[in-house]
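Student: when you get a sec, could you give me coordinates for this:
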Amino acid sequence: MTPTRRLAALATCLSFAAALLLNCAPSALAANCPAVEAIAVPGTSQTNPEADPDKPVGVLGDILEPLRKTSPVRLVTYYTPYPATIVGGTDGGGYRASKDAGIDSTNARLKAVADACPKTVFILTGYSQGADVAGDVAAAIGHNRGAIPPNRLLGVALVADPSQAPVGQPTIGLTGPGMGFSGVRSGGFGSLTQRNGLLSVCAPRDYYCNLPQGDLVMRMIGHLGSQLDASDPAGSAQKLATMFMSGLVAPAAAAINQILQLVNDPNLIPNLIQRGIAFAKALAQQLFWLAGPQVAGTATNLVNAVTNVINLVSSRAWTAIPAAITTIASTASSVATALAQMKDKTTTINVSGFGPVGSGLAQPGVNIGDLATAVLNAISVATGGVGTQATGMFGPTFSQFSAATVVTALKRYADFLQGGFHENYATTPLDKSGHSGAQIVQRYFVNQINKLV
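Tutor: Next comes the predicted model:
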């Protein structure tokens, strides 16, 4: 090798980017591996596939760059390049394709660094669509299905997660269970939540991560609008309508699964006192308005059974508790069965009317009147009528749709977009001490990193 080529090779190995290349000497590679790599996934329109991953972006940059400068261990930052589009974009695929590309890009970075730097651990964060990406990546890792093992993920912070789930996602900023605009991420985060490996922040008036749970119209519009395939908005809307109905069942099923896990926990009594009331409240919010009478009835029985055990423990009526716990388990199983039946029925719904809804949502300038008409027609086709005329297993659910509620929901969404509630995580106070979302996440990461010292 000539001196010039030798010097060039040495310079390559001394750069962190080249440290990921397999032809670098192992000693040079190890010397340049950081203790922590922070991978941040920017939000919609904040990046693109050709963006510089070393350039700080938005609120995530505000969070991470001060940490990089003051960290007690060597920390490097990486901002995932991906399409970050909602409708259309250079790939023509819209939100779903953009999110999938973000997941692939983030996983590729995790694997490359993890393979090259066996002692490096990671922190992962994302904002808005980026939180949706980071959340899915983290959930896979937490269930041992990810690009790296869970013990190499030091912490995850999601800012305004569009797949916010009402259970299993510790969130600061909300007083009650939150639900994401693009649907609920089911299955939870596995081992991450058990070891404080996850934090989520959401502003109360940010519909992207805190969609009004009782506003079924808003939920449907959000789900369709954020998941449409822009290359085929009409066809994808019909497919998404079926997925939306399954999504209505998913958070309720997640709550039931947590109840069943709780019943089988050897530390049932202390856990029930600590978490039982929250479960009962979540069940009430998630199940009652789903509308299937068979679900509403058994859900009421389940909430009553949980409340009864809590009261028995509080009054120290120990002898009555075993029978009451058995009631919880059997009632929860009944709810789970009813939910499974509802999920099976989602495939029988006539979703042909949702094609025009998808086409309307894909237009750059949405006409609220035309879109409202398309939504009402789609519901009528799916259920045999709107309002009190809606029939079938999901009839009571769709009875919430009327001309007034649809128009109101669309206007509310327009007001939300104009209010800027999704863009102020650097300034809006989200806890009792007045800390902003950015400050809360930053403090969380500081605590996680300090565990390495």
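Student: what distance do you get for residue 133 to residue 413?
Tutor: Using Cβ to Cβ, to the nearest Å, we find residue 133 at a distance of 23 Å from residue 413. In short, each C-beta sits where N, CA and C put it, glycine included.
Student: looking at the two, which is more packed in?
Tutor: residue 133 (33 against 21; other Cβ atoms under 10 Å).
Student: how much space between the more buried one and residue 449?
Tutor: From residue 133 to residue 449 the distance is 22 Å (Cβ to Cβ).
Student: do residue 206 as well
Tutor: 27 Å.
Student: the more surrounded of the two?
Tutor: Legend: neighbour count by other Cβ under 10 Å for residue 206 and residue 449, higher for residue 206 (30 against 22).
Student: list the contacts of the more buried one.
Tutor: 160, 421, 422 (Cβ atoms under 8 Å, 6 or more residues apart in numbering).
Student: drop anything exposed from the residues you listed.
Tutor: Neighbour counting with 16 or more other Cβ atoms under 10 Å marks 160, 421, 422 as buried within these.
Student: burial of the residue lying closest to the second one once chain neighbours are set aside, as a residue count?
Tutor: If I follow you right, that is residue 421. Distance criterion Cβ to Cβ, 6 or more residues apart in numbering; nearest residue to residue 421, sequence neighbours excluded, is residue 205 at 4.2 Å. The burial count assigned to residue 205 is 14, neighbours taken as other Cβ under 10 Å.
Student: contacts only, for residue 205.
Tutor: Per Cβ under 8 Å, 6+ apart, neighbours of residue 205: 416, 419, 421.
Student: residues making contact with whatever helix or strand the first one lives in?
Tutor: In other words, residue 416. Using DSSP states H and E, residue 416 sits in helix 403-419. Helix 403-419 is contacted from outside by 205, 207, 215, 217-218, 221-222, 366, 368-369, 371-372, 375-376, 422, using Cβ under 8 Å, 6+ apart.
Student: before we move on, what about stretch 72-80?
Tutor: Contact partners of stretch 72-80, identified using Cβ under 8 Å, 6+ apart, comprise 16, 34-42, 47, 51-57, 60-61, 64-65, 67-68, 102, 105-106, 109, 130, 133, 449-450, 452-453.
Student: between the two ends of it, what distance do you get?
Tutor: 24 Å (Cα to Cα, to the nearest Å).
Student: distance from the chain centre to it, please.
Tutor: 24 Å (Cα atoms, centre = their mean, to the nearest Å).
Student: got it, and stretch 124-134?
Tutor: 9 Å.
Student: buried ones in it?
Tutor: Buried-residue list, stretch 124-134, by 16+ other Cβ under 10 Å: 124, 125, 126, 127, 128, 129, 130, 131, 132, 133, 134.
Student: same deal with stretch 408-428?
Tutor: Residues 409, 410, 412, 413, 416, 421, 422, 423, 424, 425, 428 are the ones in stretch 408-428 that count as buried (16+ other Cβ under 10 Å).
Student: not counting sequence-adjacent ones, nearest residue to the first one?
Tutor: So the one you mean is residue 409. Closest to residue 409 by Cβ to Cβ, 6+ apart is residue 217, at 3.9 Å.
Student: next, the contact list for residue 191, please.
Tutor: Residue 191 makes contact with 142, 143, 144, 150, 197 under the criterion Cβ under 8 Å, 6+ apart.
Student: so for it, what's the pLDDT?
Tutor: Residue 191 is assigned 92 on the pLDDT scale.
Student: can you check residue 84 too?
Tutor: On pLDDT, residue 84 comes in at 89.
Student: same check, this time on residue 335
Tutor: Confidence score, pLDDT, at residue 335: 70.
Student: over to the one 10 residues further on?
Tutor: At residue 345, the model reports a pLDDT of 68.
Student: please apply the same query to the one 4 residues further on.
Tutor: Looking at residue 349, its pLDDT stands at 75.
Student: what of the one 10 residues further on?
Tutor: According to the prediction, residue 359 has pLDDT 82.
Student: and it, what element?
Tutor: With DSSP H and E as criterion, residue 359 is part of helix 355-361.
Student: give me the distance between the helix holding residue 416 and the centre of its chain.
Tutor: 23 Å.
Student: list the buried residues of the helix or strand following that helix.
Tutor: Note on helix 403-419: by DSSP H and E, the next helix or strand toward the C-terminus is helix 437-450. By 16+ other Cβ under 10 Å, the buried positions in helix 437-450 come out as 437, 438, 439, 440, 441, 442, 444, 445, 448, 449.
Student: quick one: the fifth one from residue 300, how far?
Tutor: Spatial separation of residue 441 from residue 300 under the definition Cβ to Cβ is 38 Å.
Student: same thing with the last one?
Tutor: Distance of residue 449 to residue 300, computed by Cβ to Cβ: 46 Å.
Student: now swap in the third one and tell me
Tutor: Taken as Cβ to Cβ, the spacing of residue 439 relative to residue 300 amounts to 41 Å.
Student: from the contacts of residue 191, which land in helices?
Tutor: The members of the contacts of residue 191 that map onto helices under DSSP state H are residue 142.
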